[in-house]
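*Asks:* Okay, structure incoming, though there's no sequence with it:
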């Protein structure tokens, strides 16, 4: 009976170790303490006519690279649209509110419906996990007419 319990526990541990999301959630990529993400355009409070706009993303004291590149002090942009920051110790979701720029883009074309919207940047590492400490911008509000 004890042998069966030990073998079951070992099998569970092996399954956890093989699960890449479990492994990735344990170790976060370090970021420079002085790194800063910011939105260049549009400015906070901007009124955009139409619904199509360019978002220009900025980053200081850190580099931008495509997803999958595991080098020190680099990452790629994620744009939060009309949402708060996700949990900072887990992979950043990918949906209409969490836009990934995994090719290393620093600007993007968005189409938003009329109304007020919030935008915020969050840097992710090669596995789309926020750095430690997390590097994110101030949340801005824009209005689309």
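*Replies:* Received the coordinates, thanks. Being a predicted model, the structure only gives us computed values, none of them experimental. Numbering: from 1, shown residues only.
*Asks:* CA atoms for contacts and neighbours, from now on please.
*Replies:* OK.
*Asks:* my guess is residue 76 contacts residue 66, does it?
*Replies:* Yes - the pair residue 76 / residue 66 is scored as a contact, 6.2 Å apart, by CA atoms under 8 Å.
*Asks:* what sits in contact with each of these two?
*Replies:* 101-104, 126 (CA atoms under 8 Å, 6 or more residues apart in numbering).
*Asks:* Tell me the buried residues within those residues.
*Replies:* 101-102, 126 (16 or more other CA atoms under 10 Å).
*Asks:* and which of the shared contacts of residue 76 and residue 66 is nearest residue 110?
*Replies:* Set against residue 110, the nearest of the shared contacts of residue 76 and residue 66 by CA to CA is residue 101 (12.4 Å).
*Asks:* which residues sit in contact with the nearest residue to that closest one once chain neighbours are set aside?
*Replies:* Of all residues not flanking residue 101 in the chain, residue 77 sits nearest, at 5.5 Å (CA to CA, 6 or more residues apart in numbering). The contact partners of residue 77, taken as CA under 8 Å, 6+ apart, are 57, 64, 100-102, 104-106, 121-124.
*Asks:* Now which of the residues you listed would you call buried?
*Replies:* 57, 64, 100-102, 105-106, 121-124.
*Asks:* Adding secondary structure, write those residues out as JSON lines.
*Replies:* JSON lines is the format used below for the buried ones among the contacts of residue 77 (DSSP: H, G, I helix; E, B strand; the rest coil):
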{"residue": "57", "secondary structure": "strand"}
{"residue": "64", "secondary structure": "strand"}
{"residue": "100", "secondary structure": "strand"}
{"residue": "101", "secondary structure": "coil"}
{"residue": "102", "secondary structure": "coil"}
{"residue": "105", "secondary structure": "coil"}
{"residue": "106", "secondary structure": "coil"}
{"residue": "121", "secondary structure": "strand"}
{"residue": "122", "secondary structure": "strand"}
{"residue": "123", "secondary structure": "strand"}
{"residue": "124", "secondary structure": "strand"}
